[in-house]
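S.K.: Structure for the following, please:
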Amino acid sequence: MAVSRAGVERPISRDKARRQLRILELVREEHIATQEELAARLRQVGLSVTQATVSRDIKELGLLKVTGADGRQHYQSDIRQPSPDEKLMRICRDSVLSIEQSDNMIVVHTLPATADAVCEAIDSLRMPGVIGTMAGERTVFLVVRPSSASPAIVEDLRRLTL
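M.R.: Residues are numbered from 1 along each chain as shown. Below you'll find the predicted structure:
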């Protein structure tokens, strides 16, 4: 979730997620020295951006300017690479829109095309009581046994994602 200027949490847009993923790929693959250079590379791959947008993305992604072996500075993503589980949990936080429970079923609504990743993140948690999960395009279903465990699982999911 992103936070608006008014301090209200809102889901990250699919375009923003795609743009930020591409930014991370570019700074890993190339030595990009300036925001203008990054914006130009994004435009070359078909993404419409402004310098202000690129500046915000750099800040949100925590990109650092480092000095390379050649003595020139360039952007680099966080030196410590997150584990696969950390990446999955970030996808969860950025993609989950709502969580609802009905008896022994929990329904997680996500941004379009992110339910598979959210389902994988939930599966990686190996939550006691969750006996199965299934993902569609925008929805993840969890089956819980016993049904009395559902409220606690919903709370755990909300704490992790919303």
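
S.K.: wouldn't L63 be in contact with Q73 here?
M.R.: No: using Cβ atoms under 8 Å, L63 is not in contact with Q73, being 11.8 Å away. Every residue, glycine included, has its C-beta placed from N, CA and C.

S.K.: Between the two, point out the one with more neighbours.
M.R.: Counted by other Cβ atoms under 10 Å, L63 and Q73 do not tie: L63 has more neighbours, with 20 against 15.

S.K.: in stretch 44-61, what's buried?
M.R.: L47, V49, T53, V54, D57, I58, L61 (16 or more other Cβ atoms under 10 Å).

S.K.: my guess is the last one meets Q20, correct?
M.R.: Yes: L61 is within contact range of Q20, at 5.9 Å (criterion: Cβ under 8 Å).

S.K.: Assign a three-state SS to the nearest residue to Q73 once chain neighbours are set aside, would you?
M.R.: Distances taken as Cβ to Cβ, 6 or more residues apart in numbering put K65 closest to Q73, at 5.0 Å, once the chain neighbours are dropped. Applying DSSP: H, G, I helix; E, B strand; the rest coil to K65 yields a three-state assignment of strand.

S.K.: mind listing what K65 touches?
M.R.: Q73, H74, Y75, Q76 (Cβ atoms under 8 Å, 6 or more residues apart in numbering).

S.K.: what sits against the second one?
M.R.: Neighbouring residues of H74 by Cβ under 8 Å, 6+ apart: V27, H31, I32, A33, K65, V66, G68.

S.K.: Could you rerun that using 6 Å?
M.R.: H74 makes contacts with H31, I32, A33, G68, as judged by Cβ atoms under 6 Å, 6 or more residues apart in numbering.

S.K.: can you pull out the helices in this protein?
M.R.: In the chain, the segments counted as helices under DSSP state H are 14-29, 35-44, 51-61, 84-95, 115-125, 150-161.

S.K.: For those helices, state which one has the densest average packing.
M.R.: Ranked by mean neighbour count, those are led by helix 115-125 with a mean of 20 (mean count of other Cβ atoms under 10 Å).

S.K.: roughly how far apart are V143 and T114?
M.R.: Note on V143: its distance to T114, by Cβ to Cβ, to the nearest Å, is 20 Å.

S.K.: ugh, wrong one, I meant A17
M.R.: 8 Å.

S.K.: What is the burial count for the closest residue to D116 other than its chain neighbours?
M.R.: Leaving aside its sequence neighbours, D116 sits nearest to A135 (Cβ to Cβ, 6+ apart; 4.8 Å). For A135, the tally of surrounding residues (other Cβ under 10 Å) stands at 19.
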